[in-house]
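A.B. asks: Fold the following and give me the result.
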Amino acid sequence: MTKRFSDDELLALSLLQHIVFCERQCSLNSNEQLWFDNKLTVSGSQLHRRVHGEAPRREKRGDVVIVRELMLCSHILGVTGKADVVEFHKVPSAGVLIEGCDGFWQPYPVEYKHGKPKVDDCDRVQLCAQAICLEEMLGSEVPEGALFYGRIQKREQVVFNKELRLRTQDSAQKLHELVEGGCNPPAELRDCCNQCAMKDTCMPEVTGSSRRATNYIDRALRDQTE
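C.D. replies: Numbering: from 1, shown residues only. Coordinates of the predicted model:
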């Protein structure tokens, strides 16, 4: 990805998580402005409120400076958004300078998720995009970060290696192509659909294929006659 996006072309960073999870969900959200909550998304919102709560936007705990809701931007990826938390860990050298703090500090993004670690890379891509934003904004390398999962109450360390960075760049490019194209990809019924807040709107059982549509209609007719 060599193009640099203008401010007017920036898209929501959070959409990268959606496009990796499901391109159709991402398209319905970005192109059609559709979104509905379910118990999982509501629980996730509650977790984010607990994270921020009444805590100060910035605080220092020993050799760690914690900054909440830091605005992020990357004109290389063409995205902008807020980080849940960015920790700055004190390092001997090669970090960034922080006003009011002595020494050098290594940025370390932390994203909070309601559930548990996922099989796909959707959460890791979102976190990696935050790291790329920080590198572009601060001029310092961000080699790793963490995902905190509420269900297991643990952090998963994420190393921003070459493979993940390329996946993030490809996802950002695909996101811009999806938004510029303005067309919604066809639905595909998958196991993860049952966890999706958009299932009733997307209707993968109906639109996924003609066979699935026939089966869906047959079931609906049977339910009405029973």
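A.B. asks: What is the distance between the longest helix along the chain and the centre of its chain?
C.D. replies: Counting by DSSP state H, the longest helix found in the chain is helix 162-181. Between the centre of helix 162-181 and the centre of its chain there are 13 Å (Cα atoms, centre = their mean, to the nearest Å).
A.B. asks: With only the CA atoms kept, save it in CSV.
C.D. replies: The C-alpha trace of helix 162-181 is given here as CSV (Å, rounded to 0.1, in the frame of the first residue of the first chain):
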residue,chain,number,x,y,z
LYS,A,162,5.8,-8.9,9.0
GLU,A,163,2.9,-11.4,8.3
LEU,A,164,0.4,-9.6,10.5
ARG,A,165,1.5,-6.2,9.2
LEU,A,166,0.9,-7.3,5.6
ARG,A,167,-2.5,-8.8,6.6
THR,A,168,-3.4,-5.4,8.2
GLN,A,169,-2.3,-3.5,5.1
ASP,A,170,-4.2,-5.8,2.8
SER,A,171,-7.3,-5.5,5.0
ALA,A,172,-7.1,-1.7,4.9
GLN,A,173,-6.8,-1.7,1.2
LYS,A,174,-9.8,-4.1,0.9
LEU,A,175,-11.8,-1.9,3.2
HIS,A,176,-11.3,1.2,1.0
GLU,A,177,-12.1,-0.8,-2.1
LEU,A,178,-15.3,-2.1,-0.5
VAL,A,179,-16.4,1.4,0.6
GLU,A,180,-15.5,3.0,-2.8
GLY,A,181,-17.3,0.2,-4.7
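A.B. asks: what's in contact with it?
C.D. replies: Contacting residues not belonging to helix 162-181 are listed as 1, 5, 9, 11, 15-16, 19-20, 23, 26-27, 30-31, 77-79, 121, 124-125, 128-129, 132, 158, 185 [Cβ atoms under 8 Å, 6 or more residues apart in numbering]. To be clear about C-beta, it is placed using only N, CA and C from the backbone, and glycine gets the same treatment.
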